[in-house]
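**Q** what follows is a predicted structure for the sequence shown.
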Amino acid sequence: MKRVWLSVLALGFAYSSMAIAQEPPEVTIFTFGDTSCAAWTKSQTNETVRAQYQAWIRGFVSGYNYGNSANQVPSGAMPGPDEVSRDIDKYCRDNPALAFIGIVTPLILEHREHRMPVPMQKP
């Protein structure tokens, strides 16, 4: 009986180790045609394009909030457009070959609050 118990325990440990070692699932993110840092830099004098980029970022954070009730970015904690633009500028200087939307995850991680999960309500 002891052998059976140890076998079951070993199998459970092996299975859980494999599950933890797996990569997180791929996530599809809908964006603009060109989200490169070059496109961000090029839009520096185009307020209309910059406003669209900013709206996308806020929409992404809203989607994050919708799906993560325990880790919200509160409205008062979300930086304003000028601060977000400075953050993107720095991100693109540091990572010119990447997409500027890569700043969104660090932005969320910096400004989110941990709180008790709230059950999702049907729309």
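**A** That came in fine, so what should we check first?
**Q** mind telling me what element the most centrally placed residue in the chain is part of?
**A** Against the mean C-alpha coordinate of the chain, by CA atoms, centre = their mean, the closest residue is residue 105 at 3.5 Å. Element membership for residue 105 (DSSP states H and E) is helix 104-111.
**Q** which SSE is immediately downstream of that helix?
**A** Tracing the chain past helix 104-111, the next element assigned as helix or strand by DSSP H and E is strand 113-114.
**Q** per-residue pLDDT of residue 123, please?
**A** Per-residue pLDDT puts residue 123 at 70.
**Q** could you measure it against residue 66, distance?
**A** Counting by CB to CB, to the nearest Å, the gap from residue 123 to residue 66 is 10 Å. Bear in mind the C-beta positions are built from the backbone N, C-alpha and C, glycine included.
**Q** what's the residue nearest to residue 115 when sequence neighbours are not counted sitting at in phi/psi?
**A** Excluding its sequence neighbours, the residue lying closest to residue 115 (CB to CB, 6 or more residues apart in numbering) is residue 70, at 6.0 Å. Note on residue 70: its backbone torsions stand at phi -90, psi -10 [degrees, to the nearest 10].
**Q** the strands in this structure, which residues?
**A** With strands called from DSSP state E, the chain shows them at 71-72, 113-114.
**Q** other SSEs contacting the last one?
**A** Pointing back at strand 113-114 there. strand 71-72 (3 or more CB pairs under 8 Å, 6 or more residues apart in numbering; DSSP states H and E).
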